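Colleague: The sequence and its predicted three-dimensional model are supplied below.
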Amino acid sequence: MKTLFLECNMGAAGDMLLAALLELHPEREAFVDKLNNLGISGVHVKASPSVKCGITGTNISVLIGDEGAEETSIDVDISAHEHAHHHDHEHEHHHHLTGLKDIETILTGLSVSERVKKDVMGVYALIAEAESQAHGRPVSQVHFHEVGNLDAIMDITGVCLLIEELAPRKIVVSPIHVGSGFVRCSHGLLPVPAPATAYILQNVPSYGGRIRGELCTPTGAALLKYFAHDFGPMPLLRVSKIGYGMGKKDFEACNCVRAFLGDTIYSTTGSTTGPNDEVCELSCNIDDMTGEALGFTCRSLLSEGALDVYTTSIDMKKDRPGTMLNCICKTEKADFFAALMLKLSSSFGVRKAIYSRYILERKTEEVQTDLGKIRLKTGTGFGIIKNKPEYEDIAVLAKEHNISIGEAERRIWAQINRGELHDTKK
């Protein structure tokens, strides 16, 4: 499984995340050109080599205005309280304000996919909610500085676009170092992490330290929280690429976000030292639903994309017979399916367990047999190759040729074993 791990030992800012992910891209210069042609007028992205503590990485900066008359980093003063982010600069901008509606209007004209536009608005929504909580005002009244907002749009859009193009199936983020001390803003000195950042990082593993300064910005926090499937140490990973996104300031430790891109799926001749996937199992005990209602619940969970749903007969309190309802899903979908189970079942609580699992890499192709076309699923990995024809397709062919399911399976498997099936698209 293609996995992205983001190491945030020195926090994270938008420009640092963009730079780290850019180093993973196979065509960096072409991607920067793509950013500069998205349709954001007066903004030009520049990627430059940067050395911190003897390590070479990439630094992202933005030129704004005619001929780059004003230069600033990407993760600039986006908050309503005019933050001075430590990764970038410590001066304040005084420009016209824009809100979420204005950002949505700007996104409408950008040459990016609908998925990227949705992701950008999702990240901005996290920031706006945080600012709303920090300042005690409705989200509709939260505004962003115009020039800073252009920087932030480029920042956030660039990260969302890179996530789309790198296409990791899972994103894991390390615990986030937020720094310590105070950060100066137009209202005075605020504690680190700043109120907006602290709000965004609720339920996210984070820590302070002896390094004085704001290491994690609201933009960095929002991007990490929006995209992360899980927070924790680096998982078992066969790393293929490493990227270093450098911050602006120098500290005793290397001021960077480090990105690892790897794959936990091994070749058919390879081996692994452990599980290569993770799933969530949700369960609840039920003794007051009819069979029809329970069946409806199971079908609904499956139709919404659950990996598997099943029931088990159990004995409950006071020797009452009952049923355990189990739903297996991707870990990032656990909250969705737990809420759905609470909605559709009579249970007042749902248990959650995370399991590591060993899985084969799966591929389904349409192949031609003597009886007709079928879908053939192939699984590879751990030195194993196995095939399985789709039952529904075999049943259709058996009916068409007026033969039994067993006879249809025998004839199809004979062709599979002789290697006579070929992808119909080739």
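Modeller: It's in. The structure displayed is predicted, hence computed values, not measured ones.

Colleague: Please count neighbours and contacts with C-alpha atoms only from this point.
Modeller: Will do.

Colleague: Check the burial of F336 by counting its neighbours.
Modeller: In terms of burial, F336 registers 11 neighbours under the definition other CA atoms under 10 Å.

Colleague: With just CA atoms, put stretch 389-409 into PDB.
Modeller: Extracted as PDB, the C-alpha positions of stretch 389-409 are listed here (Å, rounded to 0.1, in the frame of the first residue of the first chain):
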ATOM      1  CA  PRO A 389     -13.200 -15.800 -10.900                       C
ATOM      2  CA  GLU A 390     -16.300 -13.800  -9.900                       C
ATOM      3  CA  TYR A 391     -19.100 -16.100  -8.900                       C
ATOM      4  CA  GLU A 392     -21.800 -13.800 -10.400                       C
ATOM      5  CA  ASP A 393     -20.100 -14.000 -13.900                       C
ATOM      6  CA  ILE A 394     -19.900 -17.800 -13.700                       C
ATOM      7  CA  ALA A 395     -23.500 -18.000 -12.700                       C
ATOM      8  CA  VAL A 396     -24.600 -15.900 -15.800                       C
ATOM      9  CA  LEU A 397     -22.500 -18.100 -18.100                       C
ATOM     10  CA  ALA A 398     -23.800 -21.300 -16.600                       C
ATOM     11  CA  LYS A 399     -27.400 -20.100 -17.200                       C
ATOM     12  CA  GLU A 400     -26.600 -19.000 -20.800                       C
ATOM     13  CA  HIS A 401     -25.000 -22.400 -21.700                       C
ATOM     14  CA  ASN A 402     -27.600 -24.500 -19.700                       C
ATOM     15  CA  ILE A 403     -25.000 -26.200 -17.600                       C
ATOM     16  CA  SER A 404     -24.400 -26.400 -13.800                       C
ATOM     17  CA  ILE A 405     -22.400 -24.000 -11.800                       C
ATOM     18  CA  GLY A 406     -19.900 -26.800 -11.000                       C
ATOM     19  CA  GLU A 407     -19.400 -27.600 -14.700                       C
ATOM     20  CA  ALA A 408     -18.900 -23.900 -15.600                       C
ATOM     21  CA  GLU A 409     -16.300 -23.600 -12.800                       C
END
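
Colleague: Contacts only, for T197.
Modeller: A130, C216, T217, P218, A221 (CA atoms under 8 Å, 6 or more residues apart in numbering).

Colleague: For the second one, give the beta-bridge partners.
Modeller: With beta bridges defined as DSSP bridges, C216 has these partners: A12.

Colleague: what's the neighbour count on it?
Modeller: For C216, the tally of surrounding residues (other CA under 10 Å) stands at 29.

Colleague: Give me the below-cutoff pLDDT ranges for the stretch 151-300 of the chain.
Modeller: 186-187, 264-274 (pLDDT under 70).

Colleague: hey, where'd the helices end up in it?
Modeller: With DSSP state H, counting those that start in this stretch as the criterion, the stretch 151-300 of the chain has helices at 195-200, 218-227, 291-303.

Colleague: With distance to D102 as added columns, please give the ones you listed in JSON lines.
Modeller: Shown next, in JSON lines, are those (distance: least, CA to CA, whole Å):
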{"stretch": "helix 195-200", "distance to D102": "21"}
{"stretch": "helix 218-227", "distance to D102": "18"}
{"stretch": "helix 291-303", "distance to D102": "37"}
